[in-house]
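*Asks:* Dropping a prediction and its sequence here:
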Amino acid sequence: MEEAGRMRNIEAILQELRELRSLDLTQLHEESTGTAGDFRPGPRPGSGPRQDPDHGREPASPRATGPGRAPGSQPAPGSEPAPKPRNPARQDFHSWTAHFQDHYAGRDGGRSHVERYIQLLEQFRALFGRRDVFLARVPGRINVIGEHTDYNAGPVLPVAIDRDIVAVFAPRSDATISVHDARGEYGSRSFTVRSRIPPFAQGDWGNYVKAAAQELTRSLARPAGGGGGSKRAVAPDEGLEPDAQSERTASTPSLTGFDALIHSTVPAAAGLSSSSALVVLSGTMLCAANGLSLEPRRFAQLMAEAEHYVGTRGGGMDQTVTILAERDSALFIDFADFVIRSVPLSAQHSFVIAHSLVEAPKSRAARASYNLRAAESRMAGALFRRAAEKELGRSVPHELIGSLRHAGRDLGFRRLRALARNTFHEEPYTADEIASLLAITEEQLDERFHLSDTLEAPEAPKRSPAEAATSTGTGSSGTAGTGGSDRAAAGARYKLYQRFTHVLEESLRVEQVVEALAAGDLREVGRLMDASHESCRDLYEISCPELDELVEIERAAGALGARMTGAGFGGCTICLVETARVEETVAELIKGYYQERRSEYRDDYRNLVFPIRAVPGVSVL
């Protein structure tokens, strides 16, 4: 394979994959790396993140457009020992085997995904007739702990999983983006990249593609020479246009478009970040098609901001982990100061995902409830800031709960907890009461904390494979949002004490889990996961009876800990089990939960309950 991030001839790729299909992938990989029998869940002894020679290849800017060192390329002279002689006939396959075994779990070493890639390439060729293409993949994610803390500037501990969205794509000669769903269930979407991109109808999966394109047009300038050229670094604010110029050039593209065919194995509306994965994939394709380079953290921030286009007032956890994740590791991210580090996972323990069968699309009532939690916690932070300044005797520049927690570290957790009890009452607040305490009007409260986004949206059209997260109508800003004219519902009540307490205590639990993982104390990890679920259920109120039942079944089956994961209101649970007991746990879940509910799944539950493997983040092949 050639340098990562460069187009390759589709026939050459197909030939390699067809030959690879008939070979032993594990044996090929062992020939390439000398790591016989080393592919198993968990970090390799003595190896750290990005030091494993057959791991994810050292990323360079941008991770959005692929690893920095090409699959199969040679290191700089003197930087690594000379490789052992290889069979020249097989050298083309070594990088492919590394890719499939690094990114996909299963006893077949990724063989089923070889067939998946072949079918996707053949379908793209038939659909577009293009000769030179890119391949890209973006993983879904689970969150071990740290629920609804990211948008409060708190810490999280997500994991990129071996369920992903894969795309075959090629740059166009114009500004059109044309994206097709490989299954054909949701059709195709096309639009023109311009300074202001109007959304599709509410509930339309194409809005996730538009979200990435809209955000990048605001921050990237078109490279000289058009699409498919060499990469160039782009300053964070390069390409931003003054309002007057944006108006004058609204129909003039600043970026080259692309044709794409996508296929997802991330269950939709399951809380596994299928929507964010599609946003990141769309941004990745647009960067690759235009030869653009972004520093990975900056790219993650842009893609988090992009989701505001579809009306979700979330944080940046999903985007950050799908871009920066490491193999066999969770990713600790503290959004108070954007500290990021890999946390190795135990090979002796595994995480098992179980779908509640309650869909959790970030749209309609679920979306409004999600945005309500964000508004409540931010209002709580604004009130607590005043109390903290009085207690500390100094000014506190931030009001997000995570930032307040950092500012008050010298007080200690217990004093912060006591200060919260003295600051808030447990009864829900009215908008008028909060506005009065903050010395602002109710209209200013609405605008400052986006209370209009907490109103329930009407029924949306059919969701996409990427978990439709939209809102009602087209807002005045040209986003797929509720618009800015509605006010919070009369008589609305806001549970500030409960939301603040959850975020404060959940942030501490994240740090404690990281410490327990480092100490190898998996029982403590499990205990903290249990406590997290109780807090999500009772204080943040984002669980549901089905999630609670799954958690109880998992604990009864011997899980060390279990909790809901994701935004909540449905979706999935995550439980921690000994690796040797994974199959037993899955069998107990099928017997105790699924067989009573969905008889049509009696022969195949693989998309409902499954162990996950921690995989690297986004890549372009």
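*Replies:* Happy to help now that I have it. Numbers count the residues shown, from 1 in each chain.
*Asks:* Relative to Ala289, how far out is Arg414?
*Replies:* 53 Å (CB to CB, to the nearest Å). Every residue, glycine included, has its C-beta placed from N, CA and C.
*Asks:* Among the two, which residue is more densely surrounded?
*Replies:* More neighbours surround Ala289 than the other of Arg414 and Ala289, with 26 against 8 (other CB atoms under 10 Å).
*Asks:* For the more buried one, what are phi and psi?
*Replies:* phi -70, psi -30 (degrees, to the nearest 10).
*Asks:* wait, it sits on Thr256?
*Replies:* Yes - the criterion here is CB atoms under 8 Å, and Ala289 meets it with Thr256 at 5.6 Å.
*Asks:* Only the buried residues of the helix ranked longest in the chain, if you could.
*Replies:* Secondary structure of the chain per DSSP state H: the longest helix is helix 364-392. For helix 364-392, the neighbour count (16 or more other CB atoms under 10 Å) marks 364, 366-385, 387-388, 391 as buried.
*Asks:* And it, what does it pack against?
*Replies:* Secondary-structure packing of helix 364-392 (3 or more CB pairs under 8 Å, 6 or more residues apart in numbering; DSSP states H and E): helix 401-407, helix 413-423, helix 431-438, helix 442-449, strand 493-494, helix 496-519.
*Asks:* For these, give me JSON lines that also has distance to Gly271 and mean pLDDT.
*Replies:* Formatted as JSON lines, the helices and strands packed on helix 364-392 follow (distance: least, CB to CB, whole Å; pLDDT from 0 to 100):
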{"stretch": "helix 401-407", "distance to Gly271": "22", "mean pLDDT": "87"}
{"stretch": "helix 413-423", "distance to Gly271": "28", "mean pLDDT": "92"}
{"stretch": "helix 431-438", "distance to Gly271": "29", "mean pLDDT": "96"}
{"stretch": "helix 442-449", "distance to Gly271": "24", "mean pLDDT": "95"}
{"stretch": "strand 493-494", "distance to Gly271": "24", "mean pLDDT": "96"}
{"stretch": "helix 496-519", "distance to Gly271": "16", "mean pLDDT": "97"}
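*Asks:* Identify whichever of these lies nearest to Ala360.
*Replies:* helix 496-519 (18.2 Å; CB to CB).
*Asks:* okay, the angle between the closest one and helix 431-438?
*Replies:* 70 degrees (axes from the mean of the first three to the mean of the last three CA atoms, to 10 degrees).
*Asks:* Could you give me the buried positions within helix 496-519?
*Replies:* Result for helix 496-519 [16+ other CB under 10 Å]: buried residues 496-514, 516-517.
*Asks:* Check stretch 398-409 too.
*Replies:* For stretch 398-409, by 16+ other CB under 10 Å, it's Glu399, Leu400, Ile401, Gly402, Ser403, Leu404, Arg405, His406, Ala407, Gly408.
*Asks:* Identify the residue nearest the fifth one in space, chain neighbours excluded?
*Replies:* Same thing as Ser403. Once flanking residues are discounted, Ser403 sits nearest to Ala153: 4.6 Å by CB to CB, 6 or more residues apart in numbering.
*Asks:* wait, what's in contact with that neighbour?
*Replies:* Ala153 makes contact with Phe335, Ala336, His398, Leu400, Ile401, Gly402, Ser403, according to CB atoms under 8 Å, 6 or more residues apart in numbering.
*Asks:* which among those residues gets closest to Thr579?
*Replies:* Nearest to Thr579 among those, with distances taken as CB to CB, is Phe335, at 31.1 Å.
*Asks:* where's the closest one relative to Gly568, distance?
*Replies:* Counting by CB to CB, the gap from Phe335 to Gly568 is 19 Å.
*Asks:* how far out from the middle of the chain is stretch 298-310?
*Replies:* Mean-position distance between stretch 298-310 and its chain equals 11 Å (CA atoms, centre = their mean, to the nearest Å).
*Asks:* Give the buried residues for it.
*Replies:* Applying 16+ other CB under 10 Å to stretch 298-310 flags 298-310 as buried.
*Asks:* Ok, stretch 540-556 next?
*Replies:* 540-544, 546-548, 550-551, 553-555.
*Asks:* give me every residue that touches the nearest residue to Leu331 once chain neighbours are set aside.
*Replies:* The shortest distance from Leu331 to any residue other than its chain neighbours is 4.9 Å, reached at Val321 (CB to CB, 6+ apart). Residues in contact with Val321 (CB under 8 Å, 6+ apart) are Arg141, Pro158, Val159, Ala160, Leu331, Ile333, Gly617.
*Asks:* nearest to Phe200, of those residues?
*Replies:* Arg141 (25.2 Å).
*Asks:* burial measure for the closest one, as a count.
*Replies:* Neighbourhood size, Arg141 [other CB under 10 Å]: 31.
*Asks:* Please apply the same query to Ala270.
*Replies:* Ala270 - counted by other CB under 10 Å - has 27 other residues nearby.
*Asks:* Now do the contacts for it.
*Replies:* Contacts of Ala270 (CB under 8 Å, 6+ apart): His355, Glu359, Ala360, Glu467, Gly566, Gly571, Cys572.
*Asks:* Checking my notes, it in a strand, right?
*Replies:* No - remark: Ala270 does not belong to a strand; assigned using DSSP: H, G, I helix; E, B strand; the rest coil, it is coil.
*Asks:* picking that back up, format the contacts of Val321 as CSV; extra columns: distance to Glu19 and pLDDT.
*Replies:* Below are these laid out as CSV (distance: CB to CB, whole Å; pLDDT from 0 to 100):
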residue, distance to Glu19, pLDDT
Arg141, 33, 97
Pro158, 36, 98
Val159, 33, 98
Ala160, 29, 98
Leu331, 35, 98
Ile333, 40, 97
Gly617, 28, 96
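*Asks:* Going by distance to His99, which of the residues you listed wins?
*Replies:* Relative to His99, and with distances defined as CB to CB, the nearest of those is Gly617, at 13.4 Å.
*Asks:* which non-adjacent residue is nearest that closest one?
*Replies:* Using CB to CB, 6+ apart, the nearest residue to Gly617 is Ala325, at 4.0 Å.
*Asks:* pull the longest strand from this protein.
*Replies:* Ranked by residue count, the top strand of the chain under DSSP state E comes out as strand 155-171.
*Asks:* lowest-confidence helix or strand of the protein?
*Replies:* When each helix and strand of the chain is scored by mean pLDDT, DSSP states H and E, helix 243-248 comes last, with a mean of 34.
*Asks:* list the helices and strands the next helix or strand after that one packs on?
*Replies:* Going down the chain from helix 243-248, the next helix or strand is strand 258-264, by DSSP states H and E. Helices and strands touching strand 258-264, as assessed by 3+ CB pairs under 8 Å, 6+ apart, comprise helix 111-128, strand 155-171, strand 176-181, helix 274-289.
*Asks:* Highest mean neighbour count out of these?
*Replies:* helix 274-289 (a mean of 30; mean count of other CB atoms under 10 Å).
*Asks:* Just want the angle from that one to strand 176-181.
*Replies:* 140 degrees.
*Asks:* Check the offset of helix 274-289 from the chain's centre.
*Replies:* 11 Å.
*Asks:* List the strands paired with the helix or strand that it is followed by, with their directions.
*Replies:* As assigned by DSSP H and E, the chain's next helix or strand after helix 274-289 is strand 292-293. The pairing partners recorded for strand 292-293 under DSSP bridges are strand 232-233 (parallel).
*Asks:* quick one: the residue nearest to Ser403 and Thr192, what's the gap?
*Replies:* The value you get for Ala153 to Thr192, if CB to CB is used, is 36 Å.
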